[in-house]
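[1] need the 3D shape of this:
(chains A, B, C and D)
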There are 2 protein chains.
Amino acid sequence: MTEATHVLVVDDDPDLLSALAITLRAHHYVVHTARTGTEGLEVAAQHPPDIAVIDLGLPDMEGTTVIERLRAWTDAPILVLSGRADSLDKVEALDAGADDYVTKPFAADELLARLRAAARRAPTSDASPVVEVGGATVDLAARRVTKAGLDVHLTPTEWQLLEVFVRNPGKLLSRQTLLRSAWGPGYESAAGSLRLYMAQLRRKLEDDPARPKHLLNEPGLGYRFQP
Amino acid sequence: MTEATHVLVVDDDPDLLSALAITLRAHHYVVHTARTGTEGLEVAAQHPPDIAVIDLGLPDMEGTTVIERLRAWTDAPILVLSGRADSLDKVEALDAGADDYVTKPFAADELLARLRAAARRAPTSDASPVVEVGGATVDLAARRVTKAGLDVHLTPTEWQLLEVFVRNPGKLLSRQTLLRSAWGPGYESAAGSLRLYMAQLRRKLEDDPARPKHLLNEPGLGYRFQP
DNA sequence: AAGGATCCTCACAACTTCCTAACGGCGAAA
DNA sequence: TTTCGCCGTTAGGAAGTTGTGAGGATCCTT
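    Sure thing, here's the model as predicted:
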């Protein structure tokens, strides 16, 4: 995933709100919270959410109003929490633009599963994490490199080494660090291999391999990936 | 409305099934029904639905299996009905690819509202259920492959493997991933089998099995399906 | 019980990848 | 200037991976 999913949680019960925030953050969501409808709309405007979780029993505003105001400018999935199990409430919330409706009390598992289901079809989840290296495009997830429209083939070791660089952009990496990360412990004396594979990567990725602009060497120290 | 929404309803209870069909037709949906998982998949292949409503308690097949088989070729929303309120059931169904989960008994209003919500965010249901692999045409929904006008027979294992590829087009899949997805956990050391079935798929699908253009190998890394 | 289909293991040739060694260029220190 | 260390590059054999064929074991159907 290129970027963490941002979730807006609006609930007037402080205990439930913090419990939800903790659970969600434990599952690698970025969470913003609000206790009222007005506050929720403000926070949403400031941090556009990928998913919104909204309690219907807000003190200052009708739940359906919050939903409609959000729907006016975002297509992010809206998941409604409510203590009322009345089917009329559900119908109103869903028809106002909500995507799902969960009645309290609910299991945390279930809420998380419904969030996953909502995020799955969200338009933001289509992006694949790509990194540019000179004229080449690196897609780590698909394990694919294209340069000038053509596929570039990398060997396993080349991938492993490139991954270390892409994961630490701009950072100076010592020979030891690189060898340990790409080859594993025990291979820390194979400086020759490292030089070899750096050359391979430059030849395959850089526009002018003899004058690299992104895979740079700092003599005596190590290598640096400059995005 | 330019075109009526097609709904597939799968339930083994004849009374509930006909009641649902009547209600839905009264709301201008076009309804197709089935009583078993197998029948449901057949009907779905024949009349690609815009939304599917599936009961989990089917006599012949796991509910999650039905969901996964549908998800293999269509993005249409799947709404699950179930008598079981256990949160584990919900999590499994949702993670298998379902979009919503309603526990029986439910109000007709609510089901209709959830259907509207599902239909609202459904993108243009143009997802073609067929994929081209060289000279062969793969129809995942109907579980049928044709090549040069003739039917090609695939064994269950071959289907399972092919399905993984078609679901991850362009992405490199490691041996481990493929073995786990097609054979299940525990079979991760059977590299020989994987080579064998790759050869089978290539022989049956590719134009020139010795020089594959779509089922590609990247030595040391895994395989890639290039559409 | 026989037949057929499916699944899996083994073996070997062809291929790719990996690593080591060696050579020349460059810059800094003696 | 010489010496030394570090870096980039090339070449070739070792090691691992893949494609392919044959054959046995298992399961299901007839």
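
[2] distance of A:A191 from A:V166?
    Relative to A:V166, A:A191 is positioned 22 Å away (criterion: C-beta to C-beta, to the nearest Å). (Each C-beta comes from the backbone N, C-alpha and C, glycine too.)

[3] higher neighbour count, these two?
    Under the neighbour definition other C-beta atoms under 10 Å in any protein chain shown, A:A191 and A:V166 were set side by side, and A:V166 has more, 15 against 12.

[4] that's a helix at the more buried one, yeah?
    Yes. The assignment for A:V166 is a helix, going by DSSP: H, G, I helix; E, B strand; the rest coil.

[5] how about the longest helix belonging to chain A: buried residues?
    As assigned by DSSP state H, the longest helix anywhere in chain A is helix A:191-205. Along helix A:191-205, the positions that meet the burial threshold by neighbour count (16 or more other C-beta atoms under 10 Å in any protein chain shown) are A:194, A:197-198, A:200-202, A:204-205.

[6] can you list the residues of chain A near chain B?
    A:75, A:77, A:87-88, A:90-91, A:94-95, A:97-101, A:107, A:109-110, A:112-114, A:116-117, A:120-121, A:141-144, A:153, A:155-156, A:159 (C-beta under 8 Å from any C-beta of the partner chain).

[7] now the buried members of those residues.
    A:77, A:87, A:90-91, A:94, A:97-101, A:109-110, A:112-114, A:117, A:121, A:142-144, A:159.

[8] out of those residues, which sit inside helices?
    Taking DSSP H, the ones among those that sit in helices are A:87, A:90-91, A:94, A:109-110, A:112-114, A:117, A:159.

[9] any chance of those in JSON lines, plus distance to A:K213 and pLDDT?
    Supplementary listing: these in JSON lines, determined by distance: C-beta to C-beta, whole Å; pLDDT from 0 to 100:
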{"residue": "A:S87", "distance to A:K213": "63", "pLDDT": "87"}
{"residue": "A:K90", "distance to A:K213": "57", "pLDDT": "94"}
{"residue": "A:V91", "distance to A:K213": "59", "pLDDT": "95"}
{"residue": "A:L94", "distance to A:K213": "53", "pLDDT": "95"}
{"residue": "A:D109", "distance to A:K213": "49", "pLDDT": "93"}
{"residue": "A:E110", "distance to A:K213": "50", "pLDDT": "95"}
{"residue": "A:L112", "distance to A:K213": "44", "pLDDT": "95"}
{"residue": "A:A113", "distance to A:K213": "46", "pLDDT": "95"}
{"residue": "A:R114", "distance to A:K213": "46", "pLDDT": "96"}
{"residue": "A:A117", "distance to A:K213": "43", "pLDDT": "93"}
{"residue": "A:W159", "distance to A:K213": "21", "pLDDT": "97"}
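
[10] between those residues, which sits nearest B:A136?
    For B:A136, the closest of those turns out to be A:W159, at 30.4 Å, with distances computed as C-beta to C-beta.

[11] need the contact list for the closest one.
    Taking C-beta atoms under 8 Å, 6 or more residues apart in numbering or on different chains as the contact definition, A:W159 lies against A:143, B:221.

[12] any low-confidence regions in chain A?
    When the per-residue scores of chain A are filtered using pLDDT under 70, the ranges that remain are A:1-3, A:122-128.

[13] 50 instead?
    A:1-2, A:125-126 (pLDDT under 50).

[14] can you give me the strands for it?
    Using DSSP state E, the strands found in chain A span residues A:6-10, A:30-34, A:51-55, A:78-82, A:100-103, A:130-133, A:136-139, A:144-147, A:150-152, A:172-174, A:215-218, A:222-225.

[15] and for the fifth one, what's in contact with it?
    Okay, so that is strand A:100-103. A:77-85, A:90, A:93-94, A:110-111, A:114, A:117-118, B:100, B:114, B:117.

[16] also near DNA strand C: which of the residues you listed, exactly?
    Applying C-beta under 7 Å from any atom of the strand to the contacts of strand A:100-103, one finds that nothing falls near DNA strand C.

[17] at the contact with DNA strand C, which residues of chain A appear?
    So far as C-beta under 7 Å from any atom of the strand goes, chain A lies against DNA strand C at A:153, A:155-158, A:183, A:187, A:190, A:192-193, A:196.

[18] tell me the buried residues in stretch A:214-222?
    Across stretch A:214-222, burial judged by 16+ other C-beta under 10 Å covers A:214-215, A:222.

[19] that stretch: end-to-end distance?
    End-to-end distance of stretch A:214-222: 14 Å, with C-alpha to C-alpha, to the nearest Å as the criterion.

[20] quick one on the thing from earlier: out of the residues of chain A next to DNA strand C, who's nearest DNA strand D?
    Nearest to DNA strand D among the residues of chain A next to DNA strand C: A:L196, at 5.0 Å, using C-beta to the nearest atom of the strand.

[21] how far away is the closest one from B:T33?
    Computed as C-beta to C-beta, the A:L196 to B:T33 distance reads 65 Å.

[22] again, but for A:D89
    Using C-beta to C-beta, one gets 30 Å for the distance from A:D89 to B:T33.

[23] repeat for A:L112
    Distance from A:L112 to B:T33, counting by C-beta to C-beta: 33 Å.

[24] tell me which of the residues of chain A next to DNA strand C is nearest to chain B?
    Of all these, chain B sits closest to A:P156, with 4.0 Å by C-beta to the nearest C-beta.

[25] so who does the closest one touch?
    With the criterion set at C-beta under 8 Å, 6+ apart, A:P156 makes contact with B:219-221.

[26] go on, A:V145?
    Applying C-beta under 8 Å, 6+ apart, we find A:V145 in contact with A:136-139, A:151-154, A:204-205.
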